[in-house]
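A.B. asks: everything below, folded, please.
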Amino acid sequence: MSYQVLARKWRPRTFDEVVGQATVTRTLKNALASGRIGHAFLLSGARGVGKTTTARILGKALNCSKADKPTPEPCGECASCLEIASGSSLDVQEIDGATHNGVEQVRELRESARYNPARDRFKIWIIDEVHMLSTGAFNALLKTLEEPPPRVKFIFATTEYHKIPDTILSRCQQYDFRLIPARELVAHLRQVADGEAIVVSDDTLARLARTAEGSARDALSLFDQVLSFSGQTVRDEDVSALLGLIDRELLLAASRAVAAGDSLAALELVERLSDYGADYRNFTRELILHFREILLLKVAPGESVLVAQVVPEERERLQPIAAALSEEDLLRIFEVLAKAETDLRLAQDPRVTLEMALLKIVQMQRLLPFAELVARVERLAGGMTAPAPRAPELVAAPRPLPAPARAASVPAPAAPVPVAAAPVAAPPAPAPVAVSLADGADAVLRAMVAQAQTRPSLATPLRAARAREEGDVLVLEFAPDFFRLADEHADEYRELARKASGRPLKVKIVSAAAAPASAAVAGAETETSSPERKRQRLLEEAAREPAVQEALDLFGGRVVDVRETKT
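C.D. replies: Model (predicted):
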C-alpha cells in the first residue's frame with residue numbers, strides 16, 4: 001500500500017477535530033442543528049488552516065444518510081460520507097477556480113444546478129480558490145448564487161478574500177479562518193506523534209509549530225520531512241540541521257553580548273554563524289523572537305500565559321538578560337533588528353549588514369525607564385536631590401576594555417553570564433589621555449575637563465580653575481565662589497586626575513586669592529554698577545545648587561542664563 005502523508009492521514013473528519021477554528025465550527029454546528037442553513041458559504045483565510053477540510057465536513061453534514069436531516073455530527077461511515085471523503089461523490093462536486101474560471105464552465109454549472117441530486121439530500125459545489133474566477137464567470141454566477149434551486153448549496157474557499165467582488169460577498173455567509181495558535185499546533189503535533197509512535201520532545205514540536213507560522217498543513221509537512229530524515233526517534237539537532245533552524249545557544253550568546261555591551265562577542269558570534277552555515281536573515285528573524293521572549297519575561301508575571309510561551313528550561317537563563325535590559329531598550333532593539341531583516345533581502349554583503357546591526361544594538365545607549373525619569377524630575381522640582389540609580393544597567397560607567405581575543409570556535413559558556421552586574425552605558429567615556437605633570441599642569445587640567453564632559457557640575461568649575469605644580473602635587477585653584485563646591489567633590493577630582501594621567505596623582509584644591517579691593521575701585525565697577533559681574537555671580541551661585549547639579553547631570557546640559565526673581 002502506498003504511503004499517505006501525515007497531512008492527509010490526519011485530516012479532520014468532524015467539526016470537533018478541526019484545529020484552532022472553534023468559532024467557525026461552533027457557528028456551523030449551531031446552524032445545522034437549528035436548521036438555519038444558508039445556500040452559499042465563503043470560507044477565507046491563510047493556507048493550511050482548514051478551509052477545504054471544513055467544506056468537506058460541511059458537505060458530509062448536509063448529506064449524511066444516517067440522519068433524516070442535516071446533522072452537525074456526520075457519521076463518516078455511510079456511503080455519502082465515504083464518497084465525499086474520497087472525492088467520488090456525484091452530488092458533491094469539488095472543483096478549483098483556476099481551471100474552471102471561464103464563463104463556459106459557469107454556464108455548465110448553472111445547467112447542472114437545475115436538476116435534482118442523483119441520490120443525496122443536496123447537490124453541493126465546493127469551489128476552491130474561488131478568487132481565480134474571471135470577472136465574466138463571477139457575473140454569470142450572480143443570479144444562480146442569489147436564488148439557487150432549493151436543493152443546491154455552494155461552498156467557496158479562498159486565500160485572497162480581497163479579490164472577490166462585493167456582489168459575490170453580499171450573497172454569501174462569510175467565515176474567516178484565523179492562523180492557528182502555536183500552542184494548539186503543538187498539541188495537534190503531539191497527538192499525531194503519539195498516534196504514529198514517534199519519540200520527539202515538546203521543544204522540537206514547538207520549533208516546528210513556530211516555523212509553520214500558523215498553518216497546520218505546513219506543520220505536518222515539516223514533520224513528515226523530519227521523520228524521513230530521523231526515523232521514529234527525532235533529535236533536536238536533526239531538526240535544526242534539516243530545517244535550517246538556529247541553535248538556541250547562538251541566540252543566547254547574541255542576547256548576552258547585547259546585555260553586556262560586548263562588541264567583540266557580537267562579532268565572534270557572526271563568525272560562528274558563518275562557520276555554521278546559517279542563513280543570516282533567518283538568524284535575524286529568530287533573534288527577534290528570542291528578544292520577544294525576553295520582553296515577555298520582563299513584563300509578564302510568572303503565572304501569565306505569556307510566560308508559558310517560553311520554554312521552561314530557558315526561563316532561568318533568560319532572566320538575567322531581562323533584568324539587564326529595560327523595556328525601552330528592547331523596543332529599540334526590535335526596531336534595529338526589524339530594519340536589518342528587511343535590509344538583508346537586498347544586501348550585497350549580508351554578513352556586514354548583520355554585523356553592523358548587532359554592533360548598533362550592543363553600543364546603543366541604555367535608557368532610563370520613563371517612570372523613573374519622571375520621578376527624578378519631580379524630585380528636582382520639589383528641591384530634592386534625586387538618589388543615584390539603583391539598577392545596574394542604568395549606572396553611567398565607562399565601558400571596560402575588551403577582553404583579549406579568543407578563538408572564534410570557542411562555544412558559548414554553559415553557565416549564565418552575570419550580565420545584570422555588567423556596566424552597559426553608551427556612548428563610552430572618552431579614552432584616557434596619558435598626561436603627567438611633566439607635560440605641564442595645564443595639560444593635566446585640560447585632560448580632566450575632557451574626562452568630565454558627561455558631568456557638567458564637575459566640568460564647569462574646572463573650566464574656570466587654574467592649575468600649577470608643586471613638586472609632585474597638582475594644585476587646582478578655584479575661584480572663591482566655586483571653592484566650596486570643588487572641595488565637596490575633591491575625591492571625584494582626584495579620580496579624574498588619575499584617569500587623565502593613568503596613575504594615582506596627588507591633588508590639592510585651594511581657593512584663589514580674592515582680587516584686591518583697589519583693583520575693583522580703579523575699575524570703578526561694583527557689583528551693583530556692573531550687570532555682567534552680577535550675572536557671573538548668579539551663574540556661579542546657580543552652579544552650586546544641588547538641584548541644578550542634579551539636573552545638569554541628568555539631562556547632560558549646561559547653565560546658559562540665570563535670572564534673579566523678585567520677591
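A.B. asks: quick one: mean pLDDT over stretch 155-164.
C.D. replies: Stretch 155-164 shows a mean pLDDT of 93.
A.B. asks: how about it: buried residues?
C.D. replies: For stretch 155-164, burial by neighbour count (16 or more other Cβ atoms under 10 Å) applies to Ile155, Phe156, Ala157, Thr158, Thr159, Ile164. Any C-beta I mention is one placed from the backbone N, CA and C, and that applies to glycine too.
A.B. asks: mind telling me what element the second one is part of?
C.D. replies: So the one you mean is Phe156. strand 152-158 (DSSP states H and E).
A.B. asks: residues making contact with that strand?
C.D. replies: 37, 39-44, 51-52, 55, 58-59, 62, 97, 113, 122-131, 144-145, 148, 164, 168, 172 (Cβ atoms under 8 Å, 6 or more residues apart in numbering).
A.B. asks: restricted to helices, list the residues you listed.
C.D. replies: Lys51, Thr52, Ala55, Leu58, Gly59, Leu62, Ala113, Thr144, Leu145, Ile168 (DSSP state H).
A.B. asks: which residues in this structure form strands?
C.D. replies: Taking DSSP state E, the strands of the chain run over residues 40-45, 92-96, 123-128, 152-158, 173-177, 466-470, 473-478, 506-511.
A.B. asks: between the buried residues of stretch 155-164, which is nearest Ile333?
C.D. replies: If you rank the buried residues of stretch 155-164 by distance to Ile333 using Cβ to Cβ, Thr159 comes first, at 33.3 Å.
A.B. asks: for the residue nearest to the closest one when sequence neighbours are not counted, give its distance to Phe177.
C.D. replies: In this structure, Thr159 finds its nearest non-sequential neighbour in Arg47, 5.7 Å apart by Cβ to Cβ, 6 or more residues apart in numbering. Per Cβ to Cβ, to the nearest Å, Arg47 is found 10 Å from Phe177.
A.B. asks: which stretches of the stretch 401-550 of the chain form helices?
C.D. replies: Residue ranges of the helices in the stretch 401-550 of the chain, as given by DSSP state H, counting those that start in this stretch, are 441-451, 456-463, 480-488, 490-501, 517-522, 531-544, 546-555.
A.B. asks: export the ones you listed as JSON lines, with columns for distance to Leu297, mean neighbour count and mean pLDDT.
C.D. replies: Shown next, in JSON lines, are the helices of the stretch 401-550 of the chain (distance: least, Cβ to Cβ, whole Å; neighbours: other Cβ atoms under 10 Å; pLDDT from 0 to 100):
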{"stretch": "helix 441-451", "distance to Leu297": "38", "mean neighbour count": "20", "mean pLDDT": "80"}
{"stretch": "helix 456-463", "distance to Leu297": "37", "mean neighbour count": "20", "mean pLDDT": "77"}
{"stretch": "helix 480-488", "distance to Leu297": "42", "mean neighbour count": "16", "mean pLDDT": "75"}
{"stretch": "helix 490-501", "distance to Leu297": "37", "mean neighbour count": "18", "mean pLDDT": "80"}
{"stretch": "helix 517-522", "distance to Leu297": "66", "mean neighbour count": "10", "mean pLDDT": "40"}
{"stretch": "helix 531-544", "distance to Leu297": "44", "mean neighbour count": "15", "mean pLDDT": "72"}
{"stretch": "helix 546-555", "distance to Leu297": "29", "mean neighbour count": "17", "mean pLDDT": "69"}
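A.B. asks: out of these, nearest to Pro320?
C.D. replies: Of those, nearest to Pro320 by Cβ to Cβ is helix 546-555, at 27.2 Å.
A.B. asks: residues contacting the nearest residue in space to Thr158 that is not next to it in sequence?
C.D. replies: Of all residues not flanking Thr158 in the chain, His131 sits nearest, at 4.6 Å (Cβ to Cβ, 6+ apart). Residues in contact with His131 (Cβ under 8 Å, 6+ apart) are Gly97, Thr158, Thr159, Glu160, Tyr161, Lys163, Ile164.
A.B. asks: for the fourth one, what are phi and psi?
C.D. replies: Phi and psi for Glu160, reported as degrees, to the nearest 10, are phi -130, psi 80.
A.B. asks: gap between it and Gly136?
C.D. replies: To Gly136, Glu160 is 19 Å away according to Cβ to Cβ.
A.B. asks: go on, the third one?
C.D. replies: Taking Cβ to Cβ as the measure, Thr159 falls 22 Å from Gly136.
A.B. asks: ok, now how distant is Pro70 from Asp120?
C.D. replies: Per Cβ to Cβ, Pro70 is found 11 Å from Asp120.
A.B. asks: can you check Leu539 too?
C.D. replies: To Asp120, Leu539 is 95 Å away according to Cβ to Cβ.
A.B. asks: and if you look at Thr460?
C.D. replies: Counting by Cβ to Cβ - Thr460 and Asp120 are separated by 92 Å.
A.B. asks: cool, Leu476 as well?
C.D. replies: From Leu476 to Asp120 the distance is 101 Å (Cβ to Cβ).
A.B. asks: do the same with Thr211
C.D. replies: 40 Å.
A.B. asks: thought Val19 was touching Leu179?
C.D. replies: No - using Cβ atoms under 8 Å, Val19 makes no contact with Leu179, being 11.2 Å away.
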